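[1] please find the sequence and the predicted model below.
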Amino acid sequence: MGKKSKNTDVNPDWSYSPAPESTDHIQINKKNDLFIDGKFIPSKKGNYFETINPANEEKLADVAEADQSDVDKAVKAARTAYDKVWSKMDPAERGKYIYRIARLIQEHAREFSVIESMDGGKPIRESRDIDIPLVSAHFFYYAGWADKLEYAFPGKMAKPIGVAGQIIPWNFPLLMAAWKIAPALATGNTVILKPAETTPLTAMKLAEIIQEADLPPGVVNIINGAGKTGQALVEHPDIDKIAFTGSTAVGKLIMKSVAGKRKRYTLELGGKAANIIFEDAAIDQAVEGIVDGIFFNQGHVCCAGSRLFVQESVAETVISKLKDRMESLIVGDPLDKNTDIGAINSKMQLDKIKMYVDIGQKEGASIHQSSCRLPEKGYWHAPTIFTDVSQSHRIVQEEIFGPVLAIQTFRTVDEVITKANNTPYGLSGGVWTDKGAKIFQVSKAIRSGVLWANTFNKFDPTSPFGGYKESGMGREGGLEGLMPYVNLV
Amino acid sequence: METFIHRIDQVGAQERVSRLFSRSIKKESKIDALHTVLSMIDLTTLEGKDSPGKVKQLCYKAAHLHDQFPNLPSVAAICVYPTMVPIAKKALENTGINVASVATAFPSGMTSLEYKLNEVRMVVADGADEVDMVISRGKFLRGEYTYVADEIASVKEACGKAHLKVILETGELVTLDNVRLASDIAMKAGADFIKTSTGKVSPAATPTVVLVMLEAIRDYYKKTGKKIGMKPAGGISKAKLAIQYFVMIKETLGQDWLHADLFRFGASSLANDVLMQIVKQSTGVYQSANYFSMD
């Protein structure tokens, strides 16, 4: 202004002081055994593998690795619990146990959030505000259905299936456990859960809670291990249903394995969602939606909006605003409350992301990355966007599962619908426009299980989630999420 | 007029606000921010019963916020009604603190352009360094955008060297689309600052409105290279909220706007809450409000 005030205290470069979430209140067991028949027991061979913190590569704990004989033991425990206790229990009683688990998760929410961020690398803001609240919400929601199944399926009797083998991924470890366990228990099934080998710790904490809730032994069993353990579970003859969330490649193997058998299965697999910005959209909010779509959880999201389509007339504005916004994203310590983007989950995943970024550049796409400084230790990747890409580029066709966005432009509604559907996947999508009619026009034409309008990556236990085409089969969440776990008679 | 209509999605804008407001500001960053907040305050008294004595006291406070505590900045300006300008000007001699005057039939603006321009010329002649005008909301809501723009341009001309803050009175504009459009019109017509509210209408400055105006400033800067200032006013009385606005400015407009040249808080009781926090950061305990002067 005209005259300067006598102020001399203005800091020329105001930045946020570190605000780390405390780890004093959590307890991670150094040694984690298998949770079978209500007890923690070592594996038969006594093999352990390490789980590390991907933000600093430090070891967090040892975890028992289950082999065939351990899987046999877990299946046997689940079968006995199913036959003798759980399938016979009054549904309202089953509901009470699930409510109890939900409440205990709420009580331990902080501990769960911190462990989730340490073991998986996701920012504490997300584990605290999104993952863990949704976990308890799922248990609460399905607890409510336990004694109301006759209203879910009017005129039919909903009978449980039996023993379910459930294999979950590393991107939302405890949330995926909740998606799997809650509907199975509500409908009277018993389960064997196998968490991903890089993120077993919150599931082991859940096992402690299940003990504390006094759930009858064998109703929930949790075993750890990598692909081989999962395979033993899938191929086990006494399992009635497989529920899998993970890659399309493994999903295909599971389908082959269960083909011709009486096993039922649901698969929630990969995605390459189209996020479509029309010229009449609220641009600043759409930019937030793009950021949320691709950088949420470091892009380790099967429904991530990894293909962006921007209408030509606003493309320059949107991309310029997106680049500015990327500069304000804070990448770093997952436990810092101000962190927006945490660590990549594993070295393997980081290598895969780097491979695709390399491919994109070799394909001739233009790369832009945020100028953030990455920590030296641990697994990190800067937010990345590619322009000058086409439908023929591999970075447009294949799932990268990282903070990497491929941007194309379009002119007409028909053109963008054709391009959006031109993919083997069909899990999710987004459309941004001020016109209600356009939302319906586009959402009807896009073949995806979920389509968000003027928002992205919103989840709720009452809403079914699942894919078309190679993104999987079956639905989880909502009333539809009960179906894979019942026989209707 | 603007050829590109900026649409605002209210739900999305509110989500962005809650995200920004959830930043955790502690330790050094909190203390730095609190000091800077003090230097950005337009210490305000805008009442029909304002007396010369009250204005003089306010002016003294502006330059001596809390002399018991060393190295505190002074506020940026004091903001008064036109008749109080000469008194404030005299009281603030040699302090470096600006005198801002509301004008143009504040707060309603319901008079002719001629009267408004005369009022502006009067306060500038009396020594106002800054003029806070109100836009004609009735004309705006009737869609007479050209009238609104021309009026602002005329007031700007009447301001001469004085800086012009244009009050949109967002509480009367109702929608965020209107807030955005009014911001764009005001900047294009010559505003040095855009300001949310008079403080006489509820709601005054809401976080979502402030975000939308900051985004308008950012887009205008990108397009023209001109840096327009921002002043939320009304209802900002807590240090915590002021720091949350700090985060919003930093992440929307960047470091340059974290300065009294480009950002002001229009407030009467904010300073004391900030002072209380600054003392608490240093001593570890909160003092009673009685230790802070009420001028």
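    Sure, I can see it.
[2] for the stretch 1-150 of chain B, give me the ranges with low pLDDT.
    Applying pLDDT under 70 to the stretch 1-150 of chain B flags the ranges B:1-4.
[3] what does it put close to chain A?
    Counting by C-beta under 8 Å from any C-beta of the partner chain, the residues of the stretch 1-150 of chain B lying close to chain A are B:6-9, B:11-13, B:15-16, B:22-30, B:32-33, B:35-36, B:38-39, B:71-77, B:95-98, B:129-130. Placement of C-beta: from N, CA and C, glycine included.
[4] can you show me the helices along the stretch 251-400 of chain A?
    A:283-295, A:312-327, A:347-362, A:394-397 (DSSP state H, counting those that start in this stretch).
[5] any idea of the pLDDT on B:S288?
    Note on B:S288: pLDDT of 89.
[6] how about the one 5 residues further on?
    The predicted local distance difference test score for B:S293 is 90.
[7] so who does B:S197 touch?
    Taking C-beta atoms under 8 Å, 6 or more residues apart in numbering or on different chains, we find B:S197 in contact with B:I167, B:L168, B:E169, B:T170, B:G171, B:P203, B:A204, B:A205, B:P232, B:A233, B:G234, B:G266.
[8] so how far is chain A from it?
    With the distance defined as C-beta to the nearest C-beta, to the nearest Å, B:S197 ends up 20 Å from chain A.
[9] which residues touch the spatially most central residue of chain B?
    Geometric centre of chain B, nearest residue: B:K231, 2.7 Å, by C-alpha atoms, centre = their mean. The contact partners of B:K231, taken as C-beta under 8 Å, 6+ apart, are B:D42, B:K165, B:F193, B:I194, B:K195, B:T196, B:F263, B:R264, B:F265, B:G266.
[10] phi and psi next, for the residue in the stretch 51-200 of chain B that chain A sits nearest to.
    Closest to chain A within the stretch 51-200 of chain B is B:P73: 3.7 Å, counting by C-beta to the nearest C-beta. In terms of degrees, to the nearest 10, the main-chain angles of B:P73 are phi -70, psi 170.
[11] and it, how many neighbours?
    B:P73 sits with 20 neighbouring residues when counted by other C-beta atoms under 10 Å in any protein chain shown.
[12] pretty sure it contacts B:L34?
    No: B:P73 is beyond contact range of B:L34, at 10.4 Å (criterion: C-beta atoms under 8 Å).
[13] just want the most central residue of chain A.
    A:F172 (3.7 Å).
[14] which residue, other than its chain neighbours, is closest to it?
    Distances taken as C-beta to C-beta, 6 or more residues apart in numbering or on different chains place A:D131 nearest to A:F172, at 6.0 Å, with adjacent residues excluded.
[15] tell me the spacing between that neighbour and chain B.
    Where chain B is concerned, A:D131 sits at a distance of 16 Å (C-beta to the nearest C-beta).
[16] span of stretch A:382-394 from start to end?
    For stretch A:382-394, the first-to-last residue distance is 20 Å (C-alpha to C-alpha, to the nearest Å).
[17] what does the longest helix along chain B contact?
    What stands out as the longest helix in chain B, according to DSSP state H, is helix B:207-224. The contact list for helix B:207-224 (C-beta under 8 Å, 6+ apart) reads A:284, A:320, B:6, B:8, B:10, B:13-14, B:16-17, B:20-21, B:168, B:170, B:176, B:179-180, B:183-184, B:187-188, B:194, B:196, B:226-230, B:232, B:244-245, B:248-249, B:252-253, B:257.
[18] who's in contact with the residue of the stretch 301-450 of chain A found nearest chain B?
    Proximity of the stretch 301-450 of chain A to chain B (C-beta to the nearest C-beta) peaks at A:K337, 4.0 Å away. Shown in contact with A:K337 (C-beta under 8 Å, 6+ apart): A:A19, A:P20, A:E21, A:I124, A:R125, B:S22, B:R23, B:S24.
[19] let's go with 7 Å and repeat that
    Contacts of A:K337 were listed using C-beta atoms under 7 Å, 6 or more residues apart in numbering or on different chains, and they are A:A19, A:E21, A:I124, A:R125, B:S24.
[20] among the helices of the stretch 251-400 of chain A, which is the most enclosed?
    Among those, helix A:283-295 has the highest mean neighbour count (mean count of other C-beta atoms under 10 Å in any protein chain shown), at a mean of 25.
[21] ok, back up a step: how about the contacts of B:K231 in CSV, adding secondary structure?
    Formatted as CSV, the contacts of B:K231 follow (DSSP: H, G, I helix; E, B strand; the rest coil):
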residue, secondary structure
B:D42, strand
B:K165, strand
B:F193, strand
B:I194, strand
B:K195, strand
B:T196, coil
B:F263, strand
B:R264, coil
B:F265, strand
B:G266, strand
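[22] in stretch A:64-83, which residues are buried?
    For stretch A:64-83, burial by neighbour count (16 or more other C-beta atoms under 10 Å in any protein chain shown) applies to A:64-67, A:70-71, A:73-82.
[23] what does it rub up against?
    A:32-34, A:36-37, A:42-45, A:47-49, A:162-163, A:189-192, A:216-219, A:221, A:223-225, A:229, A:232-233, A:236, A:238-239.
[24] the residues you listed in strands, which ones?
    A:N32, A:L34, A:I36, A:Y48, A:F49, A:V163, A:T190, A:V191, A:I192, A:N221 (DSSP state E).
[25] ok, of those, which one's closest to chain B?
    If you rank these by distance to chain B using C-beta to the nearest C-beta, A:N32 comes first, at 31.2 Å.
[26] helices of chain B, start to end?
    In chain B, the segments counted as helices under DSSP H are B:10-21, B:27-39, B:52-63, B:85-91, B:113-125, B:137-141, B:145-159, B:170-173, B:176-189, B:207-224, B:239-252, B:270-283.
[27] a markdown table for the ones you listed, including mean neighbour count and distance to A:F459?
    Formatted as a markdown table, those follow (neighbours: other C-beta atoms under 10 Å in any protein chain shown; distance: least, C-beta to C-beta, whole Å):
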| stretch | mean neighbour count | distance to A:F459 |
| --- | --- | --- |
| helix B:10-21 | 17 | 14 |
| helix B:27-39 | 21 | 32 |
| helix B:52-63 | 18 | 51 |
| helix B:85-91 | 20 | 55 |
| helix B:113-125 | 18 | 53 |
| helix B:137-141 | 17 | 40 |
| helix B:145-159 | 19 | 42 |
| helix B:170-173 | 22 | 33 |
| helix B:176-189 | 23 | 26 |
| helix B:207-224 | 21 | 24 |
| helix B:239-252 | 21 | 25 |
| helix B:270-283 | 19 | 37 |
